[in-house]
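Novice: Fold the following and give me the result.
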Amino acid sequence: KLSELLTDGTSIETKTGLLKKWAIKRILVVFMNSVIPSPFIIGFVKPRIFLSKNSLSDLETELILKHEMTHLKAKDYFYRRLMFILCVMYWFNPAVHIFLDKFIEINEMACDEATLKNCSAGERLTYAKLLRDMACSKPDIENIICLTGKTAINLQRRIINIMNSKKMMKKIPYIALSTLILGICPVISYAATNGSIGMQTYVIDKLDKGIEETADTKLIEYPEMDNTDIAEVMLEEIVPVSGSVDIDINVNGKIRVITNTVDMRKGSKVTFTLYADNSNDRFRVGLLNSKNKKVFVNSRSGEVGHTFTVNTSGKYRLFIEGLENKNIHIAGSLYIKN
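Specialist: Numbers count the residues shown, from 1 in each chain. Below is the predicted model of the structure:
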């Protein structure tokens with residue numbers, strides 16, 4: 001009674017296209033539900049996918065749907081239930097549980113890779129944040145099968161791989177080998193998220209850092225006085241003294257998006273992890289101190305992954321400005337370690 005049939009046209013087209021492409025002949029029904037924190041599949045003969053209805057964008061819904069259908073194509077959920085039975089039968093054997101835990105991570109990484117094939121950096125970032133948000137929502141609810149995997153450490157490694165496609169490709173042989181070794185134990189465990197408030201905080205801290213630290217593109221910092229005649233627009237989100245904030249803005253060569261003032265100590269670090277929609281879009285990010293002196297880096301291939309280290313204690317504002325005459329869309333995050 002709490003579930004509704006999926007009616008979004010784009011998502012239905014995605015479902016229909018994948019069913020045809022993968023030659024899945026079973027009838028697949030997709031429901032939206034506002035109670036469940038994470039998606040799951042039930043049923044073997046007549047599979048049904050349940051997706052969370054909690055303020056998901058069209059892109060997020062499509063990515064989740066593709067992820068779950070990838071599991072359906074590989075018959076992962078059959079093996080997962082089989083392994084659950086084996087774990088109950090051989091509960092006394094620690095090797096079974098160790099193999100199972102590793103397979104959970106490997107299986108989800110393989111599914112991530114298939115889901116994100118040919119996706120842009122911005123779409124990868126959306127997917128990574130989606131995993132993070134699902135791991136942190138309703139942590140008191142344990143799910144039989146969940147998009148996020150089992151533990152925060154495993155989830156952190158998944159996100160690092162998601163944001164570094166080259167590393168994802170290198171893991172394919174390892175995935176295949178581990179799957180072969182785990183021949184009699186190929187399945188996920190029953191709990192996808194830890195049911196404690198402490199886990200929620202741990203996930204936020206670890207995964208925000210994981211996303212940002214893996215995107216470092218070794219850019220050159222340019223210090224200079226800020227004499228730019230450019231309009232300033234305040235960022236709607238309040239940047240904390242220490243912590244992270246998501247970014248989703250539009251800029252051009254005449255607009256600088258600037259944050260609230262943040263007190264920073266010598267040695268504080270500010271990490272920008274931002275992606276434009278197109279690889280040829282150009283923009284810059286940096287810090288501006290109270291004496292109107294700035295330090296900045298320019299984007300490379302439409303993205304910035306860079307950490308600034310504060311050399312002098314004082315008040316700073318963070319900025320993002322376009323280098324194009326056209327509007328460009330930029331998404332990502334800022335992380336401050338103060």
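Novice: for stretch 245-258, which positions count as buried?
Specialist: The neighbour-count check on stretch 245-258 (16 or more other CB atoms under 10 Å) flags 245, 247, 249, 251-253, 255-258 as buried. All C-beta spots, glycine's among them, are computed from the backbone N, C-alpha and C.
Novice: whoops, stretch 303-323 was the one
Specialist: 303-308, 310, 316-322.
Novice: Could you do stretch 75-85 as well?
Specialist: Buried, per 16+ other CB under 10 Å, within stretch 75-85: 76-77, 79-80, 83-84.
Novice: Among those, which are located in helices?
Specialist: Secondary structure from DSSP state H places 76-77, 79-80, 83-84 of the buried residues of stretch 75-85 in helices.
Novice: Below-threshold pLDDT in this protein: ranges please.
Specialist: 1-29, 34-37, 44-45, 53-55, 136-153, 164-222, 224-228 (pLDDT under 70).
Novice: Got the domain ranges for it?
Specialist: Domain ranges of the chain: 58-213, 222-337, per automatic domain parsing.
Novice: okay if I get these as CSV plus distance to Val30?
Specialist: Output for those, formatted as CSV (distance: least, CB to CB, whole Å):
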stretch, distance to Val30
domain 58-213, 7
domain 222-337, 26
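Novice: closest one to Phe40 among these?
Specialist: domain 58-213 (4.5 Å; CB to CB).
Novice: what about the helices in this protein?
Specialist: Counting by DSSP H, the chain has helices at residues 9-21, 58-73, 76-89, 94-115, 121-136, 152-162, 165-170, 172-181, 197-213.
Novice: where along the stretch 151-300 of the chain do the strands fall?
Specialist: Secondary structure of the stretch 151-300 of the chain (DSSP state E, counting those that start in this stretch): strands located at 222-225, 231-234, 243-251, 255-258, 262-264, 269-276, 283-289, 293-298.
Novice: Okay, buried residues for the fifth one please.
Specialist: Meaning strand 262-264. 262, 264.
Novice: What about the buried residues of stretch 303-323, which are in strands?
Specialist: Mapping those onto strands (DSSP state E) picks out 303-308, 316-322.
Novice: related to what we said a few turns ago, can you add distance to Asn327 and give the strands of the stretch 151-300 of the chain back as TSV?
Specialist: As requested, the strands of the stretch 151-300 of the chain are arranged in TSV below (distance: least, CB to CB, whole Å):
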stretch	distance to Asn327
strand 222-225	24
strand 231-234	12
strand 243-251	5
strand 255-258	9
strand 262-264	27
strand 269-276	11
strand 283-289	11
strand 293-298	18
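Novice: do you know which of these lies nearest Arg48?
Specialist: strand 243-251 (31.8 Å).
Novice: any idea of the angle the closest one forms with strand 269-276?
Specialist: 40 degrees (axes from the mean of the first three to the mean of the last three CA atoms, to 10 degrees).
Novice: for the ones in helices among the buried residues of stretch 75-85, which one is nearest Glu123?
Specialist: The nearest one, if we look at these relative to Glu123 and count by CB to CB, is Asp76, at 22.4 Å.
Novice: Looks like the closest one contacts Ile106 (just checking).
Specialist: No - Asp76 lies out of contact with Ile106 (CB atoms under 8 Å); the separation is 11.3 Å.
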